[in-house]
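# Prediction below, plus the sequence it came from.
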Amino acid sequence: MEKKPTKAYLVKQLRKQEIPVPKDATIEMLKHRLKYWLGGEGFHVRPLKYTGAINFSDSPVKLLVDKNALYWIPNSEMAHAIVGSRVVLILDRTNEPSNDAIILDVPIDYDEVFNDGGNDNTNP
């Protein structure tokens, strides 16, 4: 039987990786951050006004709904995919979002939606 991690253990792991820990965090929230966030500074970005006829239906870029907004994205695989798409302007890197930024956290179902189910196995 697998022992469930305690809140204190998860907080310690997050701090070790330099991932911010919210004061009101639940165990599920801490597990989520530990799974998806990478240590280091997040990204303040703005979507570029023109993205052409590019289809982003299978990309986390589709999460940038408001094309005029300022977003803060935690350092994560998702952030690197969005930045790598070259349809956002990186304004700065910081651990804390600005007051006027929309925080775009990694969705709970990120693996299922953007990573073909979240495993590395080849489909038969």
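Nice, I can see it.

# Poorly predicted segments of the protein, please.
Applying pLDDT under 70 to the chain flags residues 1-2, 50-56, 116-124.

# Can you report phi and psi for the residue nearest in space to the middle of the chain?
Nearest to the centroid of the C-alpha atoms of the chain, with distances taken as CA atoms, centre = their mean, sits V106, at 3.5 Å. Main-chain dihedrals, V106, degrees, to the nearest 10: phi -70, psi 130.

# Look up which residues are beta-bridged to S76.
W37 (DSSP bridges).

# thinking again about what came up before, could you check the distance from the residue nearest to the centre of the chain over to K49?
25 Å (CB to CB, to the nearest Å). The way it works is simple: take the backbone N, C-alpha and C, and place the C-beta from them, glycine included.

# cool, V83 as well?
In terms of CB to CB, V83 sits 17 Å off from K49.

# do N115 as well
29 Å.

# ok, the two, which is more surrounded?
N115 (13 against 9; other CB atoms under 10 Å).

# any idea how far the more buried one lies from W72?
22 Å.

# How about L48?
On the measure of CB to CB, L48 and W72 end up 17 Å apart.

# So between the two, which is more surrounded?
Taking other CB under 10 Å, L48 and W72 do not tie; W72 has more neighbours (22 against 13).

# Which strands and helices lie in contact with the host helix or strand of the more buried one?
Using DSSP states H and E, the element containing W72 is strand 71-73. In terms of contacts (3 or more CB pairs under 8 Å, 6 or more residues apart in numbering; DSSP states H and E), strand 71-73 is packed against strand 42-47, strand 102-103.
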